[in-house]
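Peer 1: From the sequence below, what's the structure:
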Amino acid sequence: FTKLVEGLTLHGQPFLGELLDGEDRKASELTTEASERVFIDDDLLRKCPGIDKLRADTREKLKTYLQTQLLKAHLNDAWKSQNQSRAVEVINLKRQHYEAQQKLSETIAEEKRAFISLKDSMQSEQLARRRKEDEANELQKTVDKLQSEFEQRWSGQIKM
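Peer 2: Below is the predicted model:
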């Protein structure tokens with residue numbers, strides 16, 4: 001709204017800008033909402049110097065134009081505050097998404113390390129089991145060999 005008043009003042013409409021600013025100041029004592037403070041109607045336009053010299057259709061066009069500009073200024077102010085809060089929401093969501101991705105990446109890396117560790121320990125257990133089986137087979141062969149030698153000696157001594 002302030003930009004609308006400044007724009008009117010800068011673009012050769014100082015009386016309209018000052019009038020709207022004055023009405024806004026008066027109304028701001030009654031309410032804080034900008035859209036409720038200033039309402040452009042015929043009474044407000046009559047206060048403008050030189051407005052009575054304009055034709056009726058020109059006055060209506062001016063009133064419509066000023067109402068449109070006031071509405072645009074109000075909507076712009078409202079959208080800015082909403083967009084700022086939405087921008088903060090988007091930033092927070094992006095931060096949460098990034099943090100979740102980081103946690104997920106860390107969890108995946110930990111699971112990968114655990115899987116590799118389990119795989120390595122399983123392979124080492126398999127190697128240890130194979131060695132024990134090989135040792136057991138060697139011992140069995142040795143036992144069988146000793147037993148056959150013992151039986152041969154025993155049978156050889158019995159024959160004597």
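
Peer 1: Backbone torsions only: list them for L54.
Peer 2: phi -80, psi 150 (degrees, to the nearest 10).

Peer 1: Need the per-residue pLDDT for it.
Peer 2: With respect to pLDDT, L54 scores 71.

Peer 1: Isn't it up against E60?
Peer 2: No. Using Cβ atoms under 8 Å, L54 makes no contact with E60, being 9.5 Å away. In short, each C-beta sits where N, CA and C put it, glycine included.

Peer 1: pLDDT-wise, which helix or strand of this structure ranks last?
Peer 2: helix 34-37 (a mean of 52; mean pLDDT, DSSP states H and E).

Peer 1: low-scoring stretches of the chain, by residue?
Peer 2: Applying pLDDT under 70 to the chain flags residues 1-41, 44-45, 48-52, 160.

Peer 1: Now the common contact residues for L54 and E60.
Peer 2: Common neighbours of L54 and E60, using Cβ atoms under 8 Å, 6 or more residues apart in numbering, do not exist here.

Peer 1: Distance of Q147 relative to Q140?
Peer 2: Q147 is 10 Å from Q140, where distance means Cβ to Cβ, to the nearest Å.

Peer 1: what does Q67 give?
Peer 2: Distance, Q67 to Q140, using Cβ to Cβ: 105 Å.

Peer 1: what does Q82 give?
Peer 2: 84 Å.

Peer 1: Which one of Q67 and Q140 is surrounded by more residues?
Peer 2: Per other Cβ atoms under 10 Å, whichever of Q67 and Q140 has more neighbours is Q67, with 14 against 10.

Peer 1: same for the helix or strand where that one lies, what does it pack against?
Peer 2: Under the criterion of DSSP states H and E, Q67 resides in helix 56-159. For helix 56-159, the packing partners by 3 or more Cβ pairs under 8 Å, 6 or more residues apart in numbering; DSSP states H and E come out as helix 2-10, helix 14-28, helix 34-37, helix 42-46.

Peer 1: Let's see that with 7 Å instead.
Peer 2: Using 3 or more Cβ pairs under 7 Å, 6 or more residues apart in numbering; DSSP states H and E as the contact criterion, the elements in contact with helix 56-159 are helix 2-10, helix 34-37, helix 42-46.

Peer 1: Tell me the span between the first and last residue of stretch 47-66.
Peer 2: 14 Å (Cα to Cα, to the nearest Å).

Peer 1: can you count the residues close to E60?
Peer 2: 13.

Peer 1: CA atoms only: put stretch 83-98 into PDB for me.
Peer 2: Extracted as PDB, the C-alpha positions of stretch 83-98 are listed here (Å, rounded to 0.1, in the frame of the first residue of the first chain):
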ATOM      1  CA  ASN A  83       5.400 -16.600   0.300                       C
ATOM      2  CA  GLN A  84       8.000 -15.900   3.000                       C
ATOM      3  CA  SER A  85       6.400 -18.400   5.300                       C
ATOM      4  CA  ARG A  86       6.200 -20.900   2.500                       C
ATOM      5  CA  ALA A  87       9.800 -20.300   1.600                       C
ATOM      6  CA  VAL A  88      10.800 -21.000   5.200                       C
ATOM      7  CA  GLU A  89       8.700 -24.200   5.000                       C
ATOM      8  CA  VAL A  90      10.400 -25.200   1.800                       C
ATOM      9  CA  ILE A  91      13.800 -24.500   3.300                       C
ATOM     10  CA  ASN A  92      12.900 -26.600   6.400                       C
ATOM     11  CA  LEU A  93      11.600 -29.400   4.300                       C
ATOM     12  CA  LYS A  94      14.700 -29.400   2.200                       C
ATOM     13  CA  ARG A  95      16.900 -29.500   5.300                       C
ATOM     14  CA  GLN A  96      14.800 -32.400   6.800                       C
ATOM     15  CA  HIS A  97      15.100 -34.200   3.400                       C
ATOM     16  CA  TYR A  98      18.900 -33.700   3.400                       C
END
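
Peer 1: Please consider this matter closed, and thank you.
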